[in-house]
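Colleague: Pasted the sequence and its predicted model underneath.
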2 protein chains.
Amino acid sequence: MTAGLTIGRAARAAGVGVETIRFYERQRLVAQPPKPEGAGVRLYPADTVERIRFIKDAQELGFSLREIHELLALRADPAADCSDVRERATAKLDDVQRKIQRLQDIGAALERLIAACPGRGGLHACSIMDALTHHSGDGGTACCSNPSQTTKGVHR
Amino acid sequence: MTAGLTIGRAARAAGVGVETIRFYERQRLVAQPPKPEGAGVRLYPADTVERIRFIKDAQELGFSLREIHELLALRADPAADCSDVRERATAKLDDVQRKIQRLQDIGAALERLIAACPGRGGLHACSIMDALTHHSGDGGTACCSNPSQTTKGVHR
DNA sequence: GTGGGGTCCGTACCTAAGTACGGAATCAAG
DNA sequence: CTTGATTCCGTACTTAGGTACGGACCCCAC
């Protein structure tokens, strides 16, 4: 069993900064390993690196740190109140499935957008909003009316 | 064609606060309708309500306002550089598909967690991290070792 | 055994995305 | 035509999630 990684190596392995790990420790999202007797430096198990990666992943999927903490706290062991764990896990699963559904809608809209691009004829969809809302096939030319609101200087 | 909604009604329809709409206007995420000649109040088309809903949805899926602006700016009309639009749309689509993949992994892990709950025998998975990492079926009892890091006071 | 990098810890600072505030103007119901 | 709710606009404040800084300490290679 390898002893573990120093915080710097752990951070590099997880793709975050050292300060981020410390921040997560303060938020109790990851456990702070004990400092060895007398003096020395804390060593992080590979486990923690996985945990941090999960946190970053979940964050990109729109979960807040609080929600991620709830996800990580879910554990099915016979010593816990199973019906409670089931309930919370089921709620999270619903959440996840709703997100998947919406992403699939957006994905389909993007595909329509891509397909409509060098249209040579039809020109069915023009913006994502169009592709999402009146996504019914055909419809002829009733699209691309007001070409305002394009890219022009957002955020500084 | 209905004239439109006042900012308050539009906000209620979109499920956000008035101040949020004004904030989005400042960020150029939604267009500010013109104030009628002389005096009066701005009227928002139903269109804008849809747009705001989309923004909120996309945000829950982990897109930043900047990314959402990019998504909304994508439009396939023959007057635009199609290869550029295709490229950006394809990149966004990849993004979306990666997110779906990761959500499906998490969903599967949650399902394993739920299934393992009133285990009566096996007890295969215990935390999401376990269910995500050594998710191979069977394996016997090597699970649920250290029940530390449970729920105990995060964020005030 | 010393020099340079890494760790430790506390505090300060930063960006994104709102949210609240306050005073003037405007609208709509009675 | 008053009164109460909205709108309008600018500026200030807040919260989440980090990031940076500074001084003390530690550890490893030379």
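Modeller: Received the coordinates, thanks. Numbering: from 1, shown residues only, chains lettered A, B, ... in the order given.
Colleague: ok, now which ones touch A:Asp57?
Modeller: Counting by Cβ atoms under 8 Å, 6 or more residues apart in numbering or on different chains, A:Asp57 touches B:Arg102. In short, each C-beta sits where N, CA and C put it, glycine included.
Colleague: do A:Gly107 as well
Modeller: B:93, B:96-97, B:100.
Colleague: Just among the residues you listed, which is most surrounded?
Modeller: B:Val96 (23 neighbours; other Cβ atoms under 10 Å in any protein chain shown).
Colleague: Name the next helix or strand downstream of the strand or helix carrying it, please.
Modeller: Using DSSP states H and E, B:Val96 maps to helix B:82-116. Downstream of helix B:82-116, the first helix or strand assigned by DSSP H and E is helix B:128-133.
Colleague: That next one near chain A at all?
Modeller: Yes. Contact of helix B:128-133 with chain A (Cβ under 8 Å from any Cβ of the partner chain) involves B:128-129, B:132-133.
Colleague: Among these, name the buried ones.
Modeller: Among the residues of helix B:128-133 next to chain A, the ones that count as buried by 16 or more other Cβ atoms under 10 Å in any protein chain shown are B:128-129, B:132.
Colleague: Kindly indicate which of these lies nearest DNA strand C.
Modeller: Taking Cβ to the nearest atom of the strand as the measure, DNA strand C lies nearest B:Met129 of those, at 22.2 Å.
Colleague: Could you report the separation of the closest one from DNA strand D?
Modeller: 17 Å (Cβ to the nearest atom of the strand, to the nearest Å).
Colleague: For A:Tyr44, see how far away that residue is.
Modeller: Remark: distance between B:Met129 and A:Tyr44 (Cβ to Cβ, to the nearest Å) = 15 Å.
Colleague: where does the nearest residue in space to A:Gly8 that is not next to it in sequence land on pLDDT?
Modeller: Among residues not flanking A:Gly8 along the chain, A:Val18 sits closest, at 5.8 Å (Cβ to Cβ, 6 or more residues apart in numbering or on different chains). We have a pLDDT of 97 for A:Val18.
Colleague: Name all residues that make contact with A:Val18.
Modeller: If you count contacts by Cβ under 8 Å, 6+ apart, then A:Val18 has A:7-8, A:11 around it.
Colleague: Return the members of these classed as buried.
Modeller: By neighbour count, with 16+ other Cβ under 10 Å, those hold A:7, A:11 as buried.
Colleague: which one of the contacts of A:Val18 sits closest to chain B?
Modeller: When the contacts of A:Val18 are compared for distance to chain B (Cβ to the nearest Cβ), A:Ile7 wins out at 17.6 Å.
Colleague: wait, isn't the closest one in contact with A:Ile21?
Modeller: Yes. Using Cβ atoms under 8 Å, A:Ile7 is in contact with A:Ile21, at 5.8 Å.
Colleague: okay, and the common contacts of those two?
Modeller: A:Tyr44.
Colleague: how's chain A carved up into domains?
Modeller: Per automatic domain parsing, the domain ranges recorded for chain A read A:1-64, A:95-143.
Colleague: Save these as CSV, and put in distance to B:Ile106 too.
Modeller: Shown next, in CSV, are the domains of chain A (distance: least, Cβ to Cβ, whole Å):
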stretch, distance to B:Ile106
domain A:1-64, 7
domain A:95-143, 6
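Colleague: okay, and for chain A, where does confidence drop off?
Modeller: Low-confidence segments of chain A (pLDDT under 70): A:1, A:118-125, A:134-156.
Colleague: give me that answer again for 90
Modeller: For chain A, the stretches with pLDDT under 90 are A:1-3, A:35-40, A:75-85, A:114-126, A:133-156.
Colleague: Can you tell me which of the contacts of A:Gly107 is nearest DNA strand C?
Modeller: B:Val96 (17.1 Å).
Colleague: Now do the contacts for the closest one.
Modeller: By Cβ under 8 Å, 6+ apart, the contact set of B:Val96 is A:103, A:106-107, A:110.
Colleague: Which two among these are spaced furthest apart?
Modeller: The most widely separated members of those are A:Leu103 and A:Leu110, with 10.3 Å between them, by Cβ to Cβ.
Colleague: and chain A, which of its residues are near DNA strand C?
Modeller: Proximity of chain A to DNA strand C, by Cβ under 7 Å from any atom of the strand, involves residues A:6-9, A:18-19, A:22, A:32, A:35, A:41-42, A:155.
Colleague: Among those residues, name the ones that also lie close to DNA strand D.
Modeller: Among those, the residues lying close to DNA strand D (Cβ under 7 Å from any atom of the strand) are A:19, A:22, A:41.
Colleague: CA-only coordinates of the helix or strand containing the second one in CSV, if you can.
Modeller: Assessed by DSSP H and E, A:Arg22 sits inside helix A:18-26. Presented in CSV, the C-alpha positions along helix A:18-26 are these (Å, rounded to 0.1, in the frame of the first residue of the first chain):
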residue,chain,number,x,y,z
VAL,A,18,-3.3,23.1,-4.0
GLU,A,19,-5.6,25.9,-2.7
THR,A,20,-8.6,24.2,-4.1
ILE,A,21,-7.9,21.0,-2.1
ARG,A,22,-7.5,23.1,1.0
PHE,A,23,-10.7,24.9,0.2
TYR,A,24,-12.5,21.6,-0.1
GLU,A,25,-11.1,20.5,3.2
ARG,A,26,-12.5,23.6,4.8
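Colleague: Right, I'll leave it there.
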